[in-house]
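Asker: One predicted model, sequence on top.
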Amino acid sequence: MSIDQAISALATKVRELKPIIETEEATKTAFIIPFISNVLGYDVTDPREVIPEYTADIGKKKGEKVDFAIKSGDDFRFLIECKKIGEPLDLNHATQLVRYFNVTDTEFAILTNGEVYQFYAQLDAVNRMDEKPFMTLDLSSVDARIFPHLEMCTKTQFDSETIAASAEELKYVSELRKGIAAELKEPSTEWVKLLAARVTSRRMTAANLDLFTRLAATAASQYLRDETNRRLRSAQDLEDPTTAVATAADSVEEKAPDVPVSEDGVVTTEEERQAHSIIRAICCSDVPATDITMRDAKTYCAILFQDNNRKPIARLLFDRKIPRIVLFDENKNETPHDLDSIEGIYSHADHLRSRVRSLVAG
């Protein structure tokens, strides 16, 4: 089972069983142990690999326990602290995890309530657990972009140096994205002064600061709107038919040995399969992944709900210079979006989930 299949299956299980889970022990049994086994790939029946209720004697603190320790030989790979599903994840309520992390050679820890899995490292100081996670897997809203990073944490792929390097990038990119989003939404004084210094030599009096705060907010809004319009215009541009035909011919000629062609001449490409997997990963927090089906045709590839062509979720147009996804609203109105890459589908995650919810509601 691939990691995306394992996560999709676990997300479905969480969605179905969450309403009846009432205790931490039930959370462990139903969700966390399957996560350790099916997603991370460790043998939960082998106490040499997975140790439940690992005792942590620290100074005057005797008999403290972490819920699971995952080891390889004598080396710790992860310490895992569990909470009941639905409980907020707060390090203030996981002090034993923090303390034990800080006095062992453990480099990574997981804090989870069975639905949300927070991964921690020691990026800020050696032998001291960071206050913020470097990666979060939320099974109610799966972001498949983290799958390659999760793959690094599995038993067969585990390498502490690789994970640490990946963790640093994940953590700081995430924090920077939040910072940029906050500045675009409500520019801070520091950001306004920085931008103003690039366009004027005025002294930043209170009046000028108010002026440039308003101007920075307007400029940010216009930039985002212009960028959206640019993408829409690009999506409406016509292709050069000669180039498109030549490119398509070259592509088919090169890939013919590897790409299966159906009896009616329909070619399902690897990019279409990847897009289907991404849309499944996005929507599996609301419906079983198997309900998100693909039906390929010569001119486009349809992503359907329960293989019903009257319930389209999206349409993929990848046989063109710039790949395009067509999204549907609740009235089946179509909106095309060009993609810089297949991963660009993630930027439409909210729309895709909303579409699936409307189809479920009937």
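Answerer: Now that the structure is in, tell me what you want to look at.

Asker: Would you state the strands of the stretch 101-250 of the chain in chain order?
Answerer: Listed in chain order, the strands found in the stretch 101-250 of the chain under DSSP state E, counting those that start in this stretch are 109-112, 116-120, 135-138.

Asker: what's across from P52 in the sheet?
Answerer: As for beta bridges, P52 partners with F68 under DSSP bridges.

Asker: And it, how far from E115?
Answerer: Counting by C-beta to C-beta, to the nearest Å, the separation of P52 from E115 is 20 Å. For glycine as for every other residue, the C-beta is placed from the backbone atoms N, C-alpha and C.

Asker: okay, those two: which has more neighbours?
Answerer: Summary of the neighbour comparison: P52 and E115, criterion other C-beta atoms under 10 Å, with E115 having more neighbours (25 against 15).

Asker: residues touching the more buried one, list them.
Answerer: 14, 18, 31, 85-86, 138-140 (C-beta atoms under 8 Å, 6 or more residues apart in numbering).

Asker: What of L316?
Answerer: 272, 275, 300-303, 323-326.

Asker: And the pLDDT at it?
Answerer: On pLDDT, L316 comes in at 94.

Asker: and the nearest residue to it once chain neighbours are set aside, how many neighbours does it have?
Answerer: Ranked by C-beta to C-beta, 6 or more residues apart in numbering and with sequence neighbours excluded, the top spatial neighbour of L316 is C301, at 4.1 Å. Residue neighbour count, defined by other C-beta under 10 Å, stands at 25 for C301.

Asker: Same check on T269?
Answerer: By the measure other C-beta under 10 Å, the count of residues near T269 is 19.

Asker: With S72 instead?
Answerer: Residues contacting S72 under the criterion other C-beta under 10 Å number 12.

Asker: What separation is there between it and R315?
Answerer: From S72 across to R315, the span is 46 Å (C-beta to C-beta).

Asker: same check, this time on C82
Answerer: Computed as C-beta to C-beta, the C82 to R315 distance reads 42 Å.

Asker: How about A165?
Answerer: Separation of A165 from R315 (C-beta to C-beta) stands at 38 Å.

Asker: now do M129
Answerer: Plainly put, M129 is 46 Å away from R315 if you go by C-beta to C-beta.

Asker: so how far is stretch 317-335 from its chain's centroid?
Answerer: A distance of 22 Å separates the centroid of the chain from that of stretch 317-335, by C-alpha atoms, centre = their mean, to the nearest Å.

Asker: so how far is the first residue of that stretch from its last?
Answerer: Across its full length, stretch 317-335 reaches 12 Å end to end, with C-alpha to C-alpha, to the nearest Å as the criterion.

Asker: Pull out the buried members of the contacts of E115.
Answerer: Burial by neighbour count, 16 or more other C-beta atoms under 10 Å: within these this picks out 14, 18, 31, 85, 139.

Asker: hmm, back to that, residues contacting the residue nearest to L316?
Answerer: 268, 272, 275-276, 294-295, 315-318.

Asker: what comes into contact with stretch 133-140?
Answerer: With contact meaning C-beta under 8 Å, 6+ apart, stretch 133-140 is reached by 7, 10-11, 14-15, 111, 115-121, 123, 143, 146, 149-150, 167-168, 170-171, 174, 285.

Asker: Which ones among the residues you listed lie within helices?
Answerer: Using DSSP state H, the members of the contacts of stretch 133-140 that fall in helices are 7, 10-11, 14-15, 149-150, 167-168, 170-171, 174.

Asker: where are the low-confidence patches of the stretch 101-250 of the chain?
Answerer: Confidence mapping of the stretch 101-250 of the chain against pLDDT under 70 gives the ranges 228-250.

Asker: Let me fix that, I meant to ask about the stretch 251-362 of the chain.
Answerer: Filtered on pLDDT under 70, the stretch 251-362 of the chain yields the residue ranges 251-265.

Asker: ok, now with 80
Answerer: For the stretch 251-362 of the chain, applying pLDDT under 80 flags the ranges 251-267, 285, 362.

Asker: any chance of the strands of the stretch 101-250 of the chain in JSON lines, with distance to V199 too?
Answerer: Supplementary listing: the strands of the stretch 101-250 of the chain in JSON lines, determined by distance: least, C-beta to C-beta, whole Å:
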{"stretch": "strand 109-112", "distance to V199": "45"}
{"stretch": "strand 116-120", "distance to V199": "41"}
{"stretch": "strand 135-138", "distance to V199": "38"}
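
Asker: if we can go back for a sec, ok, the residue nearest to L316 to I80 distance?
Answerer: C301 sits 40 Å away from I80, going by C-beta to C-beta.

Asker: And for Y223?
Answerer: Counting by C-beta to C-beta - Y223 and I80 are separated by 43 Å.

Asker: Which one's more surrounded, those two?
Answerer: Remark: of Y223 and I80, I80 carries more neighbours, 24 against 11, as counted by other C-beta under 10 Å.

Asker: how about that one, what does it touch?
Answerer: Applying C-beta under 8 Å, 6+ apart, one finds that I80 lies in contact with 32, 36, 66-70, 109-112.

Asker: Can you pull the phi/psi pair for it?
Answerer: phi -120, psi 130 (degrees, to the nearest 10).

Asker: burial of the residue nearest to it when sequence neighbours are not counted, as a residue count?
Answerer: Beyond its immediate neighbours in the sequence, the residue positioned closest to I80 (C-beta to C-beta, 6+ apart) is F68, lying 4.0 Å away. Per other C-beta under 10 Å, the neighbour tally for F68 reads 23.

Asker: Over to V44?
Answerer: Burial of V44 is recorded as 18 neighbouring residues (other C-beta under 10 Å).

Asker: Nice, that's everything, thank you.
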